[in-house]
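Q: Predicted model follows, preceded by the sequence.
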Amino acid sequence: REVTRRTIDLVANVLRRAKRERIIEQNAIDDLKALYPKAKSQHMKHVDINELPALLQAIENYHGHDQTRLGMKFLAYSFCRTIELRMMKWAHIDFANRLWRVDIDNLKIARKHVVPLSDQMLAVLEEMKPITGQYEYVFYHTGMHQPYSEEFINNALNILGYAGKQTGHGFRHIASTNLNELGYMGDAIEKQMAHDKKSSIRAVYNHAQHLEERRKIMQVWADFLDLLASKQPSTLQNADKQDLIKALLAQGITADELQGYIDKA
């Protein structure tokens with residue numbers, strides 16, 4: 001639908017120019033776009049925070065391929081886009097500086113940014129080395145000799161019983177919602193979510209902005225997920241930002257720093 005709407009816009013612009021030049025008398029597609037109303041945007045499905053412990057435990061106990069289990073874990077820790085996970089190359093991983101230099105260039109996405117690697121994300125990559133370390137891509141279908149399809153994470157979540165409840169992209173919403181509710185530095189979160197418009201000069205220039213703040217965010221978020229995963233779902237009642245605040249404080253972030261993040265948000 002969106003491709004159709006963009007095509008109509010393109011053709012309409014050509015015909016409007018033709019009309020101004022008096023090459024044609026009427027723009028024949030003036031009302032065509034109304035037949036293709038814009039689809040209502042919907043957030044990707046994601047569980048509430050009180051359902052996270054069960055989901056994280058289910059991922060840890062996944063009995064399918066190790067690559068799929070590790071892919072789900074990495075996606076939760078990193079809250080990257082699924083396509084970024086699938087197109088990640090070993091050459092993009094800077095182990096010395098604990099950075100993942102995301103570099104995606106295809107018809108839909110053309111953006112570069114950096115992702116600080118938490119201890120947990122590095123541990124996942126270390127587990128992946130014996131599996132795909134000899135290949136170009138980190139998550140690589142060794143049978144098909146190509147990166148995994150766009151549905152490999154969602155299919156696994158469906159197998160775990162989360163069809164219609166959680167998608168791979170939904171991990172981004174979980175992280176963004178809870179970090180923003182806490183009041184964590186808004187600019188740093190936006191940079192970490194890589195919300196700059198694709199291919200913009202500003203996006204390339206600012207791709208490493210707030211890097212130290214983002215290192216804190218990535219490590220604290222990974223520790224927070226581990227904290228939740230260690231809890232039994234029945235014991236986690238009304239899990240909200242207070243749990244995250246406690247996790248942040250446990251990592252040595254002071255109350256004054258927290259207030260500073262809230263003031264900056």
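A: Yep, it's here.

Q: average model confidence for whichever strand or helix holds residue 175?
A: According to DSSP states H and E, residue 175 maps onto helix 170-182. Helix 170-182 carries an average pLDDT of 72.

Q: So residue 55 versus residue 11, what's the distance?
A: Distance of residue 55 to residue 11, given as C-beta to C-beta, to the nearest Å: 45 Å. The C-beta positions use only the backbone N, C-alpha and C, and glycine is treated the same way.

Q: Out of the two, name the residue with the larger neighbour count.
A: Set residue 55 next to residue 11 and count neighbours by other C-beta atoms under 10 Å: residue 55 wins out with 26 against 14.

Q: Residue ranges in the chain under the pLDDT threshold?
A: 39-43, 104-111, 178-210, 231-265 (pLDDT under 70).

Q: Show me the strands in it, by range?
A: 93-94, 99-105, 110-116, 140-141, 146-147 (DSSP state E).

Q: Those strands: which one's closest to residue 163?
A: Taking C-beta to C-beta, strand 140-141 is the member of these nearest to residue 163, at 22.0 Å.

Q: Summarise which helices and strands the closest one is packed against.
A: strand 146-147 (3 or more C-beta pairs under 8 Å, 6 or more residues apart in numbering; DSSP states H and E).

Q: Need the residues that contact the strand it packs on.
A: With contacts defined as C-beta atoms under 8 Å, 6 or more residues apart in numbering, strand 146-147 is touched by 86-87, 137, 139-141.

Q: swap in stretch 81-97?
A: 71, 74-75, 78, 99-104, 106, 108-109, 117, 122, 125, 132-133, 135-139, 147-150, 152-153, 168-169, 172, 194.

Q: mind redoing it with 6 Å?
A: 75, 100-104, 136-138, 147-148, 153, 168-169 (C-beta atoms under 6 Å, 6 or more residues apart in numbering).
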